[in-house]
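Asks: 3D model of this:
(4 chains)
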There are 2 protein chains.
Amino acid sequence: MQQKSEADPPTLTTVARLANVSIASASRVINGIKTNPETMERVTAAAEAVGYVPNAAARSLRSRRTGQIAFAMPDVANPVYTAMVGAIQQVARANGSRLILHSTDRDVSDELGFLADLKQRYVDGLILCSLEFTDAHADAVASAPVPVAVIGHPTKGAKVDTVRANSRPGAAEAVRHLYAQGRRRIAFLNGPEQTAPGSARKLGYFDALRSCGLARDDELLEVASDFTLEPGREAAERLLARATPDAIFCANDLIALGAMTAIRAAGIDVPRDIALVGMDNTNLSAVTSPPLTTVDLGSAERARIAAELLLLRIEHPNRRLRNVGVEPELVVRESCGAPR
Amino acid sequence: MQQKSEADPPTLTTVARLANVSIASASRVINGIKTNPETMERVTAAAEAVGYVPNAAARSLRSRRTGQIAFAMPDVANPVYTAMVGAIQQVARANGSRLILHSTDRDVSDELGFLADLKQRYVDGLILCSLEFTDAHADAVASAPVPVAVIGHPTKGAKVDTVRANSRPGAAEAVRHLYAQGRRRIAFLNGPEQTAPGSARKLGYFDALRSCGLARDDELLEVASDFTLEPGREAAERLLARATPDAIFCANDLIALGAMTAIRAAGIDVPRDIALVGMDNTNLSAVTSPPLTTVDLGSAERARIAAELLLLRIEHPNRRLRNVGVEPELVVRESCGAPR
DNA sequence: TTGTAAGCGTTATCAC
DNA sequence: GTGATAACGCTTACAA
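Replies: The predicted structure follows:
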């Protein structure tokens, strides 16, 4: 037989007994529902005395609210996403919610698995930031048992709250800036091209070439195997081995930083010989050598907005869908100064 | 009256009814407890048919297991901690656990509040990484309702599983390396000194000065207001405004990177005029210009070990306490090459 | 092997 | 205003 030891945590029953009231009354006081001042006083004192704290599982079971939201993103190590985590955490905290973090490592099936797990109902909602939003994603999101907010570009017609960065015009602006600086052999170091950011940024690059009257040159196109440092460095090496660009537009800051390493290793000067531009305006871009010109895509702001949309949607499931765009902004630093 | 609509999620009852068995049998099948192959078949089919997934809250309420662990750390934006998050996430996933992330922003009272929140029992355990482990922390950890594993240096005698980095000897080794390279005016750019890392690294710095026969010079000591980029840059500016070191040992990589920016801005060459060493061996250190010599404190490994200790402790609450140390390793790169 | 039934700790609907 | 009491969805003795 199980002995009710003093060691295990006090429940509402404990409190109610001590205060000489019913469990119901105790519950009311705990939940701040209006009661007779005297009973309220008694219950409060009793709760205080035994150090009562409501049990999360019991509460969620009854109330169908977990007080938790999840953020699923591709890569914890990328400062873009940590900026998002920070922003989301702030919103969550203000709302009294906990944050479940899930890194998917860019694995589509992992994302879909996570989406399926939502059926366990351990969260009230999900913020999904995925690099590749497939039809399967759209289906999974549509049939998800809890609200989902997407950071990125869902497939056309997906019924979700969405926050987008306009990276295509952002990319174009960056490339036009290089052109305006006098650069004419502008290379593009992309990340994986089947991803949403990869394809959007490539389109932006082409847009700019066209509007600048520059010919597309496949020799100046290279793709890193991931949006991170080392793949960026390797891709830059491949590019430099066969071409002599006077500028490189990189699909994000990490690739740019990797490229910077490769460029320096090749004894080439930035920005004199090669101008460099990144994307994301991560906290790193201000402290590279030289400081990196980049396109701010408002990562933290997008995340903040997504979190707020999600919380609103949780409160009002039938609220009409929102689709917010955040405008890019070119941040000019030394890495794309005048050519020699 | 509440209508049981087809839209709301199937429960065990739904499955049991469909399979024509009792709830208990259904539960057994779901939990992989041995049953008659035929009923098992029926239940599995029924569960499949209605898309049954167990409800997390109900399960935790009964089983007293949440399947969640928490990681509380000072700063999501610091790559040291994201490396830890990555490692912990891997262990958690392998264990089938979810990860709750909590960033404390180095706020002691926030950490204590989070510790107190554990009473809600929404996690099975906590990995705590705090910069300043006070007596209040020790008390809170000791009386925590779930196991806690600490990354860092708990106060003497605190009864917790612990994983430490030996940053004091690590710091000393870095400084001795600078000495061996011929540097004689070795400055120290620390982070906040009342923190555990701050005080340990300072002691290591002094250890090395002593063993190298160098005099302590307060002019060469400067403190950044935080272990991050911008405070590091500002502190370096203050230092350079009043002293002419030929080397700077920085309390971590972010401070070093900030310092690098300040040094470059002052037109000083690294490593010719000033050699630079950081700490943590974050993924950034290989791609700075020049690449940063640093001390690897095994962040990811410490986190991995802490996560494993925590999971073990959750499984075996009476297991004897473990206190693991991870040895530092100097990683030499170009930022501390030969002086002019 | 399977079914019955007693909770896990709450919240919320009732009568009182 | 307050107190029984019935859920919430599940696990697990215990009985059959």
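
Asks: Low-confidence stretches in the stretch 1-150 of chain A?
Replies: Across the stretch 1-150 of chain A, the ranges flagged by pLDDT under 70 are A:1-7.

Asks: Can you name the residues of chain A sitting close to DNA strand D?
Replies: With Cβ under 7 Å from any atom of the strand as the criterion, chain A comes near DNA strand D at residues A:20-25, A:28, A:34-36, A:38-40, A:58, A:61-62. (C-beta placed from N, C-alpha, C; glycine too.)

Asks: let's see 6 Å
Replies: A:21, A:22, A:23, A:24, A:25, A:35, A:36, A:39, A:61, A:62 (Cβ under 6 Å from any atom of the strand).

Asks: Of those, which pair is most distant in space?
Replies: Maximum pairwise distance in the residues of chain A next to DNA strand D, criterion Cβ to Cβ, is 28.5 Å, between A:36 and A:61.

Asks: To which secondary structure element is residue A:283 assigned?
Replies: Using DSSP states H and E, residue A:283 is not contained in any helix or strand.

Asks: Please work out how many residues are found near it.
Replies: 17 (other Cβ atoms under 10 Å in any protein chain shown).

Asks: so who does it touch?
Replies: Residues in contact with residue A:283 (Cβ atoms under 8 Å, 6 or more residues apart in numbering or on different chains) are A:79, A:83, B:77, B:229.

Asks: what about it, distance to residue A:194?
Replies: 28 Å (Cβ to Cβ, to the nearest Å).

Asks: Run through the strands of the stretch 201-340 of chain A in chain order.
Replies: A:221-223, A:247-250, A:275-279, A:293-296, A:323-326, A:329-331 (DSSP state E, counting those that start in this stretch).

Asks: Including mean pLDDT, could the ones you listed go into CSV?
Replies: Below are the strands of the stretch 201-340 of chain A laid out as CSV (pLDDT from 0 to 100):
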stretch, mean pLDDT
strand A:221-223, 98
strand A:247-250, 98
strand A:275-279, 98
strand A:293-296, 98
strand A:323-326, 96
strand A:329-331, 97
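
Asks: Quick one: these as TSV, columns for distance to residue B:176 and mean neighbour count too.
Replies: Below are those laid out as TSV (distance: least, Cβ to Cβ, whole Å; neighbours: other Cβ atoms under 10 Å in any protein chain shown):
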stretch	distance to residue B:176	mean neighbour count
strand A:221-223	42	20
strand A:247-250	39	31
strand A:275-279	37	30
strand A:293-296	38	27
strand A:323-326	49	14
strand A:329-331	41	16
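
Asks: Reformat those as TSV; add distance to residue A:212.
Replies: Shown next, in TSV, are these (distance: least, Cβ to Cβ, whole Å):
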stretch	distance to residue A:212
strand A:221-223	16
strand A:247-250	12
strand A:275-279	14
strand A:293-296	17
strand A:323-326	25
strand A:329-331	15
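
Asks: Which of the ones you listed sits closest to DNA strand C?
Replies: strand A:323-326 (31.7 Å; Cβ to the nearest atom of the strand).

Asks: nearest to residue B:173, of the strands of the stretch 201-340 of chain A?
Replies: Among the strands of the stretch 201-340 of chain A, strand A:275-279 sits nearest to residue B:173 (Cβ to Cβ), with 34.5 Å.

Asks: Pairing partners for the closest one, with directions?
Replies: Strand pairing for strand A:275-279, determined by DSSP bridges: strand A:247-250 (parallel), strand A:293-296 (parallel).

Asks: among these, which is nearest residue A:68?
Replies: Closest among the strands paired with strand A:275-279, once you apply Cβ to Cβ, is strand A:293-296, at 30.5 Å.

Asks: Between residue A:36 and residue A:61, tell me which one has more neighbours.
Replies: residue A:61 (19 against 12).

Asks: Dihedrals phi and psi, that one?
Replies: phi -60, psi -40 (degrees, to the nearest 10).

Asks: Then the one 10 residues further on?
Replies: When quoted as degrees, to the nearest 10, the phi and psi of residue A:71 stand at phi -130, psi 120.
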